[in-house]
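> Make a model of this:
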Amino acid sequence: LLLALGLRGRHVDLAHHPDLPAFEQDVWRVGAARVCVGCSTVFPAFFMGTALFVTLPSAGAWPAWLIAGLAIGAVQGASTLGWTRRRWAKVLVKACLGVGLASALHGILLAPWPHLVQGAALTGLVVIAAASALPRRRRIRAALLAAGL
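Numbers count the residues shown, from 1 in each chain. Here you go, the predicted model:
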């Protein structure tokens, strides 16, 4: 992809993690490019999960989709707690987050709730997913301060 964009040999930073040794496992290095492991895993997993789920029969199964999604997405807690130190573990957890969000989204959209309730549930889902990133944000700030940046 980077070659197709004509960026070969240029420094491209597609990671929101500082370029510090403490974040080496959070980033893929592709030539001169830095790509966030989490973002490059969660979004494709979410889109592939969404594409798959809409093709499966789901009449009356919205509670199962929602519960499964929340359970699978809860694996993100391992990252929130700082238990994912290796890149392979980060990829696994972020793939679970993407698929879990897709499944929960599918369950919410299938639920026989008024649109306002569905909107509130979707908002809650986004808030929970975003809140799981707060410890990472603190870790980034601490590393930047320690590095004098």
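
> Could you tell me which helix of this protein is the longest one?
With DSSP state H setting the assignment, residue counts place helix 87-110 as the longest helix in the chain.

> Just name whatever secondary elements that one is in contact with.
Counting contacts by 3 or more CB pairs under 8 Å, 6 or more residues apart in numbering; DSSP states H and E, helix 87-110 packs against helix 37-53, helix 62-73, helix 77-80, helix 115-131. Backbone N, C-alpha and C define where each C-beta goes, glycine included.

> what comes up buried for it?
90-110 (16 or more other CB atoms under 10 Å).

> Name the nearest residue to Ala33, sequence neighbours excluded.
Val12 (4.0 Å; CB to CB, 6 or more residues apart in numbering).

> got the contact list for the most centrally placed residue in the chain?
Most central in the chain under CA atoms, centre = their mean is Val42, positioned 3.6 Å from the mean C-alpha point. Counting by CB atoms under 8 Å, 6 or more residues apart in numbering, Val42 makes contact with Lys94, Ala95, Leu97, Gly98, Leu101.
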